[in-house]
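Peer 1: This is a predicted model, with the sequence first.
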Amino acid sequence: MISQLRLSAILGKRPGRLAKVGRTALWQIRYRWNEAESVDDEDGRGMPPPLKGIRVVDLTRVLAGPTSTMLLADLGADVIKIEEVSRGDDTRSWIPPHAPISEAVPPSTLHLPPESAYFMAVNRNKRSITVNLKKPEGLEIVRDLIRKADVLVENFVPGKLEEMGLGWVDSVNMYAVQDMGRPALIGRTPATTSSLKACEAGLMHITGEPDRPPCKVGVAVTDISTGLYAHGSILAALLSRQQTGKGVWIDCNLFETQIAGLANIASNYLIAGVEASRHGTAHPSIVPYQVFPCKNGFLMIGAGNDKQFAIFASKVLNRPDLVNDARFATNTSRVAHRKVLVETITDLLMEHDREFWLEKFQGQGVPFGPINNLQQTFEHPQAVARGITKEIDHPRSGKIKLVAPAVSYNGKRMPIERPPPWLSQHTDEVLRDDLGYSKERIDQLREAKVI
């Protein structure tokens, strides 16, 4: 029997409406579901690549834009990454760390530095070409590619693309990843990193310990979030073009993405006028809900309601008296007496090691988790069972491991068809096979340092 939730995913309907579906229609739904389950390419995909035939011209650099185009490439889009001729994407030079250079490295790439681990993180399944955008011939190459493209993605300073004569036309879905959006603030130099956006858009203000300076998040979450927003907006624009025959100009920027990502913190201010503050790993409205030390490590514990706290105190900590203490009887009172309760819990947890407490938490229904380093993360039984890393062959680096696409379709992930490209790996291929340039013309462009 198919669950309502799974049916809804196919039909695009709310579960509650499925009760109105008649017998014949329900049979058709079941048939469609069985049909969907049987769709499986010869290479083991969970579904055929839905963006096959979609071409993306990628003029982005660093993280937000490349994240969005990688997600499109994972779904089968042909992503052509256009890079600066001598250096390429900024992240290519962000080494160490980097992948090793294979003994079988292609001779034409001996002049290149090792492949950056940062670059490899967000550039799988793409083709790389190098074009000098300061030369008219280089701009003409980009125009030729855009004429054959479905999507153009860029993250230049607002207005720069128009200066180069590459502005939006409504036959192509154009997506701009920017810092502030348009119009940019007058007299301001645009920020170039998510850390700077986190400063201006509230995230850094709420991150860190209460008595310490603001702290940045350990990964560029604003860039990644912007890439995810952009990926979804491009898919929406492709659907819109299917309906209207016209492209969509999309403005997606780090600043607004970060503000949207403030979620309840933003709502607290807008609805109730409550200014946010830093709480470290703690929750401003729930106690206990934070990281606690134990004898040989750290644990995240989140007793989100009074029932969970009672179980935590009596069955995990073996301190039922805490439940009967008026200071800790309700979440409101626990928030008011946060300091003394946190100190009490810390003292108790420090009596034993992490493994002892993990065993005590098992099956109790209280949210908890160990603070894992990266080795522990990738060796986690769930990570191993789910196959969250993929080993692939890279022509310059040999065998490398990448984090696999996060989403499965019908139980299978979309495959990594191409390793992250080396700089200019596909220049000749794209100019020759996609644009029809002759060998003589390609040689002339290279001689003139256009490619």
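Peer 2: That came in fine, so what should we check first?
Peer 1: what does stretch 294-313 contact?
Peer 2: Residues from elsewhere that reach stretch 294-313 (C-beta atoms under 8 Å, 6 or more residues apart in numbering): 281, 283, 286, 288-292, 319-320, 322-323, 328-331, 334, 345, 349-354, 356-358, 364-371. Any C-beta I mention is one placed from the backbone N, CA and C, and that applies to glycine too.
Peer 1: run the last query once more with 6 Å
Peer 2: Applying C-beta atoms under 6 Å, 6 or more residues apart in numbering, the set of residues contacting stretch 294-313 from outside is 286, 288-289, 291-292, 319, 322-323, 330, 349, 352-354, 357, 364, 366-371.
Peer 1: Tell me the buried residues within those residues.
Peer 2: By neighbour count, with 16 or more other C-beta atoms under 10 Å, these hold 286, 288, 289, 292, 322, 349, 354, 357, 366, 368, 370 as buried.
Peer 1: out of these, which are inside helices?
Peer 2: 322, 349, 354, 357 (DSSP state H).
Peer 1: circling back to that earlier point, restricted to strands, list the contacts of stretch 294-313.
Peer 2: Judged by DSSP state E, the subset of those located in strands is 289, 291, 292, 368, 369, 370.
Peer 1: and the last one, how far is that from residue 389?
Peer 2: Pointing back at residue 370 there. Per C-beta to C-beta, to the nearest Å, residue 370 is found 20 Å from residue 389.
Peer 1: do the same with the fifth one
Peer 2: Going from residue 369 to residue 389 by C-beta to C-beta gives 20 Å.
Peer 1: Quick check, residue 91 in contact with residue 118.
Peer 2: Yes: applying C-beta atoms under 6 Å, one finds residue 91 in contact with residue 118, separated by 4.4 Å.
Peer 1: For the chain, which segments are assigned as strands?
Peer 2: 55-59, 78-83, 126-130, 151-154, 173-178, 249-253, 289-294, 297-302, 368-370, 389-394, 398-403, 408-409, 412-413.
Peer 1: Give the buried residues for the fourth one.
Peer 2: Within strand 151-154, the residues that count as buried by 16+ other C-beta under 10 Å are 151, 152, 153, 154.
Peer 1: Look up which residues are beta-bridged to the last one.
Peer 2: Residue 154 forms beta bridges with residue 59, residue 176, as assigned by DSSP bridges.
Peer 1: Who are the contact partners of residue 291?
Peer 2: Counting by C-beta under 6 Å, 6+ apart, residue 291 touches 281, 298, 300.
Peer 1: so which of those would you say is closest to residue 250?
Peer 2: Closest to residue 250 out of the contacts of residue 291 is residue 281 (35.6 Å), distances taken as C-beta to C-beta.
Peer 1: Distance of the nearest residue to that closest one once chain neighbours are set aside relative to residue 272?
Peer 2: Take residue 281 and drop its neighbours on the chain: the residue closest to it by C-beta to C-beta, 6 or more residues apart in numbering is residue 291, 4.0 Å away. According to C-beta to C-beta, residue 291 stands 27 Å off from residue 272.
Peer 1: Name the spans of the stretch 351-451 of the chain whose pLDDT lies under the cut-off.
Peer 2: Nowhere does the stretch 351-451 of the chain drop to pLDDT under 70.
Peer 1: Which of the ones in helices among the buried ones among the contacts of stretch 294-313 sits closest to residue 377?
Peer 2: The closest of these to residue 377 turns out to be residue 354 (C-beta to C-beta; 14.9 Å).
Peer 1: who's in contact with the closest one?
Peer 2: 294, 296, 297, 370.
Peer 1: If we use 8 Å, what do you get?
Peer 2: Contacts of residue 354 by C-beta under 8 Å, 6+ apart are 294, 295, 296, 297, 298, 299, 370.
Peer 1: what's around residue 157, how many residues?
Peer 2: 14 (other C-beta atoms under 10 Å).
Peer 1: number of nearby residues for residue 106?
Peer 2: When neighbours are counted by other C-beta under 10 Å, residue 106 comes out with 12.
Peer 1: Against residue 94, how distant is the residue nearest to it when sequence neighbours are not counted?
Peer 2: Among residues not flanking residue 106 along the chain, residue 395 sits closest, at 5.9 Å (C-beta to C-beta, 6+ apart). Distance, residue 395 to residue 94, by C-beta to C-beta: 21 Å.
Peer 1: Distance to residue 238 added to the strands of the chain, as TSV?
Peer 2: Formatted as TSV, these follow (distance: least, C-beta to C-beta, whole Å):
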stretch	distance to residue 238
strand 55-59	10
strand 78-83	14
strand 126-130	18
strand 151-154	7
strand 173-178	6
strand 249-253	11
strand 289-294	41
strand 297-302	39
strand 368-370	38
strand 389-394	26
strand 398-403	26
strand 408-409	18
strand 412-413	22
